[in-house]
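Asker: Pasting the sequence and the predicted coordinates here, then a few questions.
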Amino acid sequence: MFNAKSEVSRLLAPGIPGIEPQQILDMLEVPPNPEMGDLALPCFKLSRILKKSPVQIAEDLSAAVSKKGSTEDIDRIEAVSGYLNIFLNKNVYIKKVLSEILKAGSSFGSSDIGRRKTVVIDYSSPNIAKPFHVGHLRSTSIGNSLYQIFSFMGYHCIGINHLGDWGTQFGKLIVAYKKWGSEQAVRENMIDELVALYVKFHKEAEKDPSLNEEARKWFTRLEQGNEEARSLWRWFIDISMEEYKKVYELLGVRFDAYTGESFYNDKMDPVIEELKEKNLLKESKGAMVVDLEKEGMPPCLILKTDGSTLYATRDITAAIYRKNTYHFDKCIYVTGVSQSLHFKQWFKVIEKMGYDWYKDLYHVPFGTVSIGGEKLATRTGKVVLLDDILSRAIQKTRETIEEKNPDLENKEEVARQMGVGAVIFSDLFSSRIKDVSFSWDEVLNFDGETGPYVQYTHARACSVLRRAEDGKTVRTSAETDPAGRVRKAGDENDETDSSGETMAKEASAAADFDSSLLSSKEEYQLVRVLADFPDKVKQALDDLEPSILTRYLVELAKEFNRFYHEHSILVKERDLRKARLALVQATKTTLATGLRLIGLHAPEKV
RNA sequence: GCGCCUGUAGCUCAGCUGGAUAGAGCAACGGACUUCUAAUCCGUAGGCCAGGGGUUCGAAUCCCUUCAGGCGCACCA
């Protein structure tokens, strides 16, 4: 992979005694303004080591490099008030970056750092019999994106949906169903009916607390394998899953395993035994806990007073099971930030058990979704259902297509891809940890920094490439490029040979082009943003932060649209046209890959 | 009370492993479509980077402190 930074640091290092190229590389930065060059080395820190003024250092370095004669990568170097400003040879840079992208194609930005490594990602994990709402979307979209990113970097990924398919809520549900429900109503309204029953239970239980007692009894029966309880439980799960799978299909999300909480019911006893043997369990107020006082944390509850298990018990058991089953190198949990302490606690328990892989466990928390200042809660019925959001977003996309491009062939498919894309994109736009206040206006806005904007830009690029194959040129650059920036170079080979055959060849053999013709500010800026992509993917992976890619895509789309607006691509001059097509092709490829990594489709026509 | 997180333009957010004049989008206002898709582009306006101390040649960024908001702190997950 060509990397301008490391080239430059290798060149500068010999001029600074006692400094490794790596250190230079870490110090190099991008100047705030293009007129200050492409890269800069602030010399202030070196000042103490070299016992010279930063201004002096910059000047000395500049002189030293100039004397050595220029390399093909660097055009010139300037010392400006303590900064060493480096100007790259633009032609060479553009050629290298674009050639690499065109050669790599859809694998541009990928790597094999995850080769022969396995990462388990636990995400989505909704609670059975509860509807899928905006809150669940975050876990799902973040987890899915991490799955894509890790796969792209060579990791073997295991996506696990740790369904909330066990617990006292099933006791409540069974009571509510038997008291107020009917088989027919559940068959007709599916999860909606289960939710209605659940909400009704909580309302009634406020007036009549004995209902809670009854629910507890039913859950105990379920645990003991009571046939009626068991079959109702199974039925509730089936109904919920049917609905979840529809949502996952629409979102384009997959899992490798649906091992939920109930899966671990018969696997916890040995773990409890192990905790006892390792002398970690301690009785406290009738319950069994792992004491974490020395670690500055509240104790981790393992068994309730009545001897039943808790979620920490289950999570510890599940982690051990996953380690033994998948031999993971990393195990990632995507859940709300409110569970942070819980994860910190049981990660510590794993460490205390003597497992050194405790350090491979990662909690990836995200902020809380609220609406109108109120937290979402199934119990009170205060939710925005994902179903509603998706259908409204898709509907809005349909209308826009009808208005802008009514002749589009596969309208419904594109509407789905963009509507869903808009929702996921906005979910992945800001940093995970930020709380979000749900707003219809924001989700349904398709202008500016949005999914549809990026998808539209991709389709725009595709459209140009398609037209290139048709072989229709537009005009000469002199007619279209802004005055004062009209180039001379292209005019000499102003061939009007716009036969379809030739242009089709150009589009496919795009790697053969003259980069010196891409001499405008817009073209160069676009190439620079393209060159950033591999770093952004790596950073998203290191920080477990998909929003880095989401925002990158906006930046790239913005840069492409600027270029598109300022310059005609399908110009009559063949060489210029070829060069610009290479740029368009590289952008299209990168946009499509980026969209894929955050879980969006990249339709070729919108 | 203790712990974790957040506070940047009217709104939503970047920038936070310290570097040159603090950036986007939305909303507002003004421009650009007989042209490769205007779901676009360009311009104008908008800021004691919550407040106060400190460290540093240099702080939105690091440290301390105050304030405001969110979350968590024993048998729910």
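Answerer: Great, that's in hand. Because the structure is a prediction, the values reported are computed rather than measured. Numbers count the residues shown, from 1 in each chain, chains lettered A, B, ... in the order given.
Asker: which non-adjacent residue is nearest residue A:466?
Answerer: Among residues not flanking residue A:466 along the chain, residue A:604 sits closest, at 7.8 Å (C-beta to C-beta, 6 or more residues apart in numbering). For glycine as for every other residue, the C-beta is placed from the backbone atoms N, C-alpha and C.
Asker: Tell me, how many residues neighbour the one you found?
Answerer: 14 (other C-beta atoms under 10 Å).
Asker: So it: helix, strand or coil?
Answerer: Under DSSP: H, G, I helix; E, B strand; the rest coil, the three-state class of residue A:604 is coil.
Asker: Now do residue A:258: how many residues are near it, please.
Answerer: With other C-beta under 10 Å as criterion, residue A:258 counts 17.
Asker: residues contacting it?
Answerer: Counting by C-beta atoms under 8 Å, 6 or more residues apart in numbering, residue A:258 touches A:160-161, A:163, A:241.
Asker: Try it again at 7 Å.
Answerer: Residue A:258 is in contact with A:161, A:163, counting by C-beta atoms under 7 Å, 6 or more residues apart in numbering.
Asker: Please apply the same query to residue A:367.
Answerer: Applying C-beta under 7 Å, 6+ apart, the residues contacting residue A:367 are A:337, A:432-436.
Asker: ok, back up a step: roughly how far apart are the residue nearest to residue A:466 and RNA strand B?
Answerer: 7 Å (C-beta to the nearest atom of the strand, to the nearest Å).
Asker: about what we covered before: which pair of the contacts of residue A:367 spans the longest distance?
Answerer: A:337 and A:436 (11.7 Å; C-beta to C-beta).
Asker: of those two, who's got more company?
Answerer: It is residue A:436, of residue A:337 and residue A:436, that has more neighbours when counted by other C-beta under 10 Å, with 19 against 16.
Asker: Could you tell me the phi and psi values at that one?
Answerer: For residue A:436, the backbone dihedrals (degrees, to the nearest 10) come out as phi -120, psi 140.
Asker: Quickly note the distance from the nearest residue to it once chain neighbours are set aside to RNA strand B.
Answerer: Of all residues not flanking residue A:436 in the chain, residue A:369 sits nearest, at 5.3 Å (C-beta to C-beta, 6+ apart). Per C-beta to the nearest atom of the strand, residue A:369 is found 10 Å from RNA strand B.
Asker: Was I right to think residue A:369 contacts residue A:439?
Answerer: No. Using C-beta atoms under 7 Å, residue A:369 makes no contact with residue A:439, being 10.7 Å away.
Asker: Those two - which one has more neighbours?
Answerer: residue A:369 (21 against 12).
Asker: Run the chain-centre distance for stretch A:437-455.
Answerer: Centroid separation for stretch A:437-455 versus its chain: 17 Å, with C-alpha atoms, centre = their mean, to the nearest Å.
Asker: Can you list the buried residues in it?
Answerer: A:438, A:443-446, A:449-455 (16 or more other C-beta atoms under 10 Å).
Asker: Also stretch A:36-45?
Answerer: A:36-43.
Asker: Nearest to residue A:78, out of these: which one, please.
Answerer: Looking across the buried residues of stretch A:36-45 and measuring by C-beta to C-beta, the closest to residue A:78 is residue A:37, at 6.9 Å.
Asker: for residue A:119, phi and psi?
Answerer: According to degrees, to the nearest 10, residue A:119 has phi -130, psi 130.
Asker: For residue A:454, see how far away the residue of the stretch 251-400 of chain A found nearest RNA strand B is.
Answerer: Residue of the stretch 251-400 of chain A nearest RNA strand B, by C-beta to the nearest atom of the strand: residue A:304 (2.7 Å). Residue A:304 sits 49 Å away from residue A:454, going by C-beta to C-beta, to the nearest Å.
Asker: residues from the stretch 451-600 of chain A in reach of RNA strand B?
Answerer: A:452-453, A:456, A:459-460, A:462-464, A:467, A:474-475, A:480, A:547-548, A:551, A:554, A:557-558, A:561-562, A:564-570 (C-beta under 7 Å from any atom of the strand).
Asker: same question, the stretch 51-200 of chain A
Answerer: A:80-83, A:85, A:127, A:164, A:167-169.
Asker: Turn these into CSV, columns for secondary structure, pLDDT and neighbour count.
Answerer: Shown next, in CSV, are these (DSSP: H, G, I helix; E, B strand; the rest coil; pLDDT from 0 to 100; neighbours: other C-beta atoms under 10 Å):
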residue, secondary structure, pLDDT, neighbour count
A:80, strand, 90, 15
A:81, coil, 87, 8
A:82, coil, 91, 18
A:83, strand, 93, 20
A:85, strand, 94, 19
A:127, strand, 92, 19
A:164, strand, 94, 17
A:167, coil, 87, 16
A:168, coil, 85, 15
A:169, helix, 88, 20
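Asker: Any chance of TSV for these, columns distance to residue A:214?
Answerer: Listed next are those as TSV, based on distance: C-beta to C-beta, whole Å:
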residue	distance to residue A:214
A:80	78
A:81	78
A:82	76
A:83	74
A:85	76
A:127	21
A:164	21
A:167	16
A:168	11
A:169	14
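Asker: Torsion angles phi and psi at the residue minimising distance to the centre of chain A?
Answerer: With distances taken as C-alpha atoms, centre = their mean, the residue of chain A nearest its centroid is residue A:546 (2.7 Å). Backbone torsions for residue A:546, taken as degrees, to the nearest 10, come to phi -60, psi -30.
Asker: how about the strands in the stretch 201-350 of chain A?
Answerer: A:281-284, A:287-290, A:300-303, A:330-336 (DSSP state E, counting those that start in this stretch).
Asker: would you turn those strands into CSV with mean pLDDT and mean neighbour count?
Answerer: Formatted as CSV, these follow (pLDDT from 0 to 100; neighbours: other C-beta atoms under 10 Å):
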stretch, mean pLDDT, mean neighbour count
strand A:281-284, 95, 13
strand A:287-290, 97, 21
strand A:300-303, 97, 22
strand A:330-336, 97, 21
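Asker: Which one of those lies nearest to residue A:11?
Answerer: Using C-beta to C-beta, the strands of the stretch 201-350 of chain A put strand A:330-336 closest to residue A:11, at 36.5 Å.
Asker: What is the distance between the closest one and the centre of its chain?
Answerer: Counting by C-alpha atoms, centre = their mean, strand A:330-336 comes out at 14 Å from the chain centroid.
Asker: That one - which strands sit beside it in the sheet, and in what orientation?
Answerer: strand A:118-122 (parallel), strand A:361-366 (parallel) (DSSP bridges).
Asker: the helices in the stretch 201-350 of chain A, which residues?
Answerer: Using DSSP state H, counting those that start in this stretch, the helices of the stretch 201-350 of chain A run over A:210-223, A:227-251, A:268-277, A:311-326, A:340-352.
Asker: Can you verify my assumption that residue A:40 contacts residue A:32?
Answerer: No. Assessed by C-beta under 7 Å, residue A:40 is found out of contact with residue A:32, at 9.1 Å.
Asker: tell me the contacts of the residue nearest to residue A:436?
Answerer: Contacts of residue A:369 by C-beta under 7 Å, 6+ apart are A:134-135, A:138, A:376, A:436, A:438.
Asker: Going by distance to RNA strand B, which of those wins?
Answerer: Using C-beta to the nearest atom of the strand, these come closest to RNA strand B at residue A:436, 5.1 Å.
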